[in-house]
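In: here is a sequence together with a model predicted from it:
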Amino acid sequence: MRSLSRLLDACVGLCAGLSAAILAAIALGISVNVVLRSVSDTALYGLLDLVEYGLLTATFLGAPWVLARNAHVSVDLVTASLPRHVARPLARLTAALGLMVSAVFLFYAIEAAMISAGRGSMIRQAFVLPEWWTLAAAPVGFALICAVFIRQLFAPPEGNRDSAGL
């Protein structure tokens, strides 16, 4: 079980690293573009398209890391004040609901990517590329989110009661 958890952490960490690299590249690209427009009245061809695809990909690849670290926005005013014997089953219920919703999204993300690949759909903007390439990060992200929720079913994250509430 620990080796699976370490493997999950490694996959989540790898995706988070890719997400961070994509966001850094976007920041660098936009900065270079601003300088180029100011200095020479030119721009990086296709940057807007790359930024759009990069944001989509970075979001899906980074989401499992945020969930695994319990770093997402949460309203814990009530749950942080609950006794531990009530809070832990509630955290398991929340993980089960999150797993179910994420599994539905995973199903449809896989279906959308497979339909797109089967049809050979192409995106024709600044670059011509298969549509499923832009859809591929969603199934990866949702699969990892499902795995993190499964782990949280067995070992709910401990909330930080000191920083909770008002």
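Out: In hand now; what should we look at?

In: can you pull the pLDDT of the residue lying farthest from the centre of the chain?
Out: Computed with C-alpha atoms, centre = their mean, the residue of the chain farthest from its C-alpha average is Ser40, at 36.7 Å. We have a pLDDT of 92 for Ser40.

In: which parts of this structure are strands?
Out: With DSSP state E as the criterion, the chain has strands at 122-124, 128-130.

In: which helix runs longest in this structure?
Out: helix 2-40 (DSSP state H).

In: for that helix, packing partners?
Out: In terms of contacts (3 or more C-beta pairs under 8 Å, 6 or more residues apart in numbering; DSSP states H and E), helix 2-40 is packed against helix 47-68, helix 137-154. Every residue, glycine included, has its C-beta placed from N, CA and C.

In: output those helices as JSON lines; include the columns distance to Arg84 and mean pLDDT.
Out: Compiled in JSON lines, those are given as follows (distance: least, C-beta to C-beta, whole Å; pLDDT from 0 to 100):
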{"stretch": "helix 47-68", "distance to Arg84": "22", "mean pLDDT": "96"}
{"stretch": "helix 137-154", "distance to Arg84": "16", "mean pLDDT": "97"}
